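Visitor: Output the structure for:
(one chain, ligands or ions: 3)
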Amino acid sequence: MKIEFTEKLKQNYNYTLLGIYENNKLPSNTLKYDKELNGIITKSITNSNFKGNIGEHLIIHSEKIILIGLGNQKKLTNLSFEKIGGKIGKLLTKEQVKTALLYLDNFDDEKLYEIILGAILKTYTFDKYKTQKEYNDTTLYIHTENPIKAKENFNNTKAIIDGITTTRNLANEPSNILTTTQFTIEAKKLSKLGIKIEILDEKALKKMGANLILSVGQGSKYPPYIITMQYTGNKKSKDYIALIGKGLCFDSGGISIKPSAHMDEMKSDMTGGATILGIMEMIAKQKSNKNIIGVIGLAENMPDGNSYKPGDIIKSLSGKTVEVLNTDAEGRLVLADCITYTQNKYHPTTIIDFATLTGAIIIALGEQKAGLFTNSSSLAKQLLESGERTGDELWQLPLSKTYNDMLKSSVADMINTSKPERQAGSITAAEFLHNFVDEKIKWAHIDIAGTAWTTKGTDTSPAGLTGFGVKLINDYLKEV
Ligand code: BES
Ligand code: MN
Ligand code: ZN
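Guide: Residues are numbered from 1 along each chain as shown. Ligands and ions are numbered 1, 2, ... in the order given. This is a model prediction of the structure:
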């Protein structure tokens, strides 16, 4: 879908989209059209079941008009505009409309941007490997008083769209294309936006003693890496917020191999990392005034003669030792070394990590909400509120010593699973990470194993990878 801003109302568009509130209250510009058309709009409404509810539409073919339900005027939030945009985008591409004008005279440009955000996000396609593409050639003209100004100020929202698109594109790529090494090449592309990229390769990781991430990757022909991406928007401050992502380009489970059914989905086990890359692109394009470090732990978890094995005892970068009881609990190992590295090198005030960490979070929360675990009540509040506002919803689960006790090992500092097995799987995974967090730092872990993906599609995402978390952090950064 292409977007243009225009002040021109009558340009032979295939359709003109007009808004209507709940209970068929007509905004003044829609009312004007109705009068010009001798009441055809009101007549069409009377002859239909259309109520003006949010997401509803009514096509008046004879006049090439589409009525868009806006819902309750008083309850319209940014998120409702985004949802309306999603409906518009889906409708226009489904009907294979070439050009349409959106004429909502009663909203300022900021609201229109939310509509555009929803429309573009909902009509995202990943069809680069298809020789037959689905229709996505609509140009949506947005009516505004001052198109030049509207286009200039659109930059901020455009950056969010670009960030989410990058996250989805990366998460969609299969592991034969997006190998760990290819991922580092993708990250390096951000340097042209003024982000400082540093790649720690296997040799550097060995020298440092990042043995957890090294162990996870040692069965793969693609080497592990830690990528750091540094964006300095405020030179006067030394404070950084760190964002860390799990980047398993493929997770077969390793020697504790997964069942074959759905194993293909583990090509997206790098979605946490893709989220961080998308966020870095967004903030750089927004010219954010914040200081942010993005860190991605990249590895591929494979069974091999060289793989790490159940029973192995590994000394982490922090010095703490881990007894591996299941090689499929690899994400926490990769993240633990990333957390240690980030703390030692950058001393951030805050760490937020994103990871497709546990199947258990899908059992608990489904695809609707991501699991939030944090050592800070203020960070919890901020993130939960950002989740509500953006639709990237979170649900907080507990951390506590009694859960941490489930990680006890008889031979090392901790096990990488939990005992009794299968109980509180997401919480014990979070407690594992907690063991590596410096308590002076505000830390939040967001388990996106459920929300990274949508089976049926949501208001603002087609079925598939969602790009969850980018909007969340965009909103969060405005509040800190
Ligand atoms: N990447 C998986 C978690 C996952 C499962 C993400 C399904 C998305 C969909 C993770 O590495 C994993 O395998 N976790 C295990 C941990 C267990 C062995 C303690 C799990 O959740 O079963
Ligand atoms: Mn795994
Ligand atoms: Zn995994």
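Visitor: Only C-alpha atoms from now on, for both contacts and neighbour counts.
Guide: Will do.
Visitor: So what's the residue count around Gly366?
Guide: Other residues lying near Gly366 total 17 when counted by other C-alpha atoms under 10 Å.
Visitor: Can you name the residue of this protein nearest ligand 2?
Guide: Scanning the chain for the residue nearest ligand 2 gives Asp328, at 3.6 Å (criterion: C-alpha to the ion).
Visitor: Could you report the neighbour count for that residue?
Guide: 23.
Visitor: ends of stretch 23-43, how far apart?
Guide: 14 Å (C-alpha to C-alpha, to the nearest Å).
Visitor: distance between it and the chain's centre?
Guide: 39 Å (C-alpha atoms, centre = their mean, to the nearest Å).
Visitor: I'd like the distance between the residue of the chain closest to ligand 2 and ligand 1.
Guide: Separation of Asp328 from ligand 1 (C-alpha to the nearest ligand atom, to the nearest Å): 5 Å.
Visitor: Phe107 too?
Guide: The value you get for Phe107 to ligand 1, if C-alpha to the nearest ligand atom is used, is 40 Å.
Visitor: so what's that residue scoring on pLDDT?
Guide: Looking at Phe107, its pLDDT is 93.
Visitor: Lys188 versus that one, what's the distance?
Guide: Phe107 sits 40 Å away from Lys188, going by C-alpha to C-alpha.
Visitor: Between those two, point out the one with more neighbours.
Guide: Taking neighbours as other C-alpha under 10 Å, Phe107 and Lys188 compare with Lys188 leading, 17 against 10.
Visitor: and the more buried one, which of the three is it?
Guide: At Lys188, secondary structure determined by DSSP: H, G, I helix; E, B strand; the rest coil is helix.
Visitor: Correct me if wrong: it contacts Ile197.
Guide: Yes. In this structure, Lys188 is within contact of Ile197 by C-alpha atoms under 8 Å, at 6.1 Å.
Visitor: which bits of this structure sit near ligand 1?
Guide: Counting by C-alpha under 6 Å from any ligand atom, the chain comes close to ligand 1 at 269, 326, 328-331, 356-360, 417, 449.
Visitor: Report the buried members of the residues you listed.
Guide: 269, 326, 328-331, 356-358, 360, 417, 449 (16 or more other C-alpha atoms under 10 Å).
Visitor: okay, those residues in JSON lines with pLDDT next?
Guide: Shown next, in JSON lines, are these (pLDDT from 0 to 100):
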{"residue": "Asp269", "pLDDT": "99"}
{"residue": "Asn326", "pLDDT": "98"}
{"residue": "Asp328", "pLDDT": "98"}
{"residue": "Ala329", "pLDDT": "98"}
{"residue": "Glu330", "pLDDT": "99"}
{"residue": "Gly331", "pLDDT": "99"}
{"residue": "Thr356", "pLDDT": "99"}
{"residue": "Leu357", "pLDDT": "99"}
{"residue": "Thr358", "pLDDT": "98"}
{"residue": "Ala360", "pLDDT": "98"}
{"residue": "Thr417", "pLDDT": "98"}
{"residue": "Ala449", "pLDDT": "99"}
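Visitor: Which of those residues fall within helices?
Guide: 331, 360 (DSSP state H).
Visitor: which stretches of the stretch 251-400 of the chain form helices?
Guide: For the stretch 251-400 of the chain, the helices defined by DSSP state H, counting those that start in this stretch cover 271-285, 331-346, 359-365, 377-390.
Visitor: Identify each buried residue in stretch 274-289, please.
Guide: Applying 16+ other C-alpha under 10 Å to stretch 274-289 flags 274-288 as buried.
Visitor: can you tell me which residues contact the closest residue to ligand 1 within the stretch 1-150 of the chain?
Guide: Using C-alpha to the nearest ligand atom, the single residue of the stretch 1-150 of the chain nearest to ligand 1 is Phe126, 19.7 Å away. Neighbouring residues of Phe126 by C-alpha atoms under 8 Å, 6 or more residues apart in numbering: 169, 172.
Visitor: just to revisit the earlier point, with distance to Ile244 added, can I get the buried ones among the residues of the chain next to ligand 1 in JSON lines?
Guide: Listed next are these as JSON lines, based on distance: C-alpha to C-alpha, whole Å:
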{"residue": "Asp269", "distance to Ile244": "14"}
{"residue": "Asn326", "distance to Ile244": "23"}
{"residue": "Asp328", "distance to Ile244": "20"}
{"residue": "Ala329", "distance to Ile244": "18"}
{"residue": "Glu330", "distance to Ile244": "15"}
{"residue": "Gly331", "distance to Ile244": "12"}
{"residue": "Thr356", "distance to Ile244": "12"}
{"residue": "Leu357", "distance to Ile244": "13"}
{"residue": "Thr358", "distance to Ile244": "16"}
{"residue": "Ala360", "distance to Ile244": "21"}
{"residue": "Thr417", "distance to Ile244": "21"}
{"residue": "Ala449", "distance to Ile244": "15"}
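Visitor: of all the buried ones among the residues of the chain next to ligand 1, which comes closest to Val437?
Guide: When these are compared for distance to Val437 (C-alpha to C-alpha), Gly331 wins out at 15.6 Å.
Visitor: what's the spacing between that closest one and Leu248?
Guide: Gly331 is 7 Å from Leu248, by C-alpha to C-alpha.
Visitor: if we can go back for a sec, reformat the helices of the stretch 251-400 of the chain as TSV; add distance to ligand 2.
Guide: Formatted as TSV, these follow (distance: least, C-alpha to the ion, whole Å):
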stretch	distance to ligand 2
helix 271-285	13
helix 331-346	6
helix 359-365	9
helix 377-390	26
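Visitor: Residue ranges of each domain in the protein, please.
Guide: 2-146, 157-479 (automatic domain parsing).
Visitor: Need the distance between the two termini of the shortest one.
Guide: Meaning domain 2-146. Domain 2-146 end-to-end distance (C-alpha to C-alpha) = 19 Å.
Visitor: Return the distance of it from the chain's centre.
Guide: With C-alpha atoms, centre = their mean, you get 26 Å for domain 2-146.
Visitor: Kindly report the same for the longest one.
Guide: Relative to the mean C-alpha coordinate of its chain, domain 157-479 is positioned 12 Å out (C-alpha atoms, centre = their mean).
Visitor: and the residue of the chain closest to ligand 2, what does it touch?
Guide: By C-alpha under 8 Å, 6+ apart, the neighbours of Asp328 are 251-258, 301.
Visitor: How about Ala412?
Guide: Ala412 neighbours (C-alpha under 8 Å, 6+ apart): 313, 321-323.
Visitor: how close does it sit to Pro420?
Guide: Applying C-alpha to C-alpha to Ala412 and Pro420 gives a distance of 17 Å.
Visitor: cool, Thr349 as well?
Guide: For Thr349, the distance to Pro420 equals 34 Å [C-alpha to C-alpha].
Visitor: Then Glu265?
Guide: 27 Å.
Visitor: Which one's more surrounded, the two?
Guide: Between Glu265 and Pro420, counting by other C-alpha under 10 Å, Glu265 is the more crowded of the two (14 against 10).
Visitor: And the pLDDT for that one?
Guide: Glu265 is given a pLDDT of 98.
Visitor: ditto for Lys10
Guide: Predicted confidence (pLDDT) at Lys10: the value is 87.
Visitor: will you turn the contacts of Asp328 into CSV that also has distance to ligand 2 and pLDDT?
Guide: Output for the contacts of Asp328, formatted as CSV (distance: C-alpha to the ion, whole Å; pLDDT from 0 to 100):
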residue, distance to ligand 2, pLDDT
Asp251, 6, 99
Ser252, 7, 99
Gly253, 5, 98
Gly254, 8, 98
Ile255, 11, 98
Ser256, 9, 98
Ile257, 9, 98
Lys258, 8, 98
Asn301, 8, 99
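Visitor: All set, thanks.
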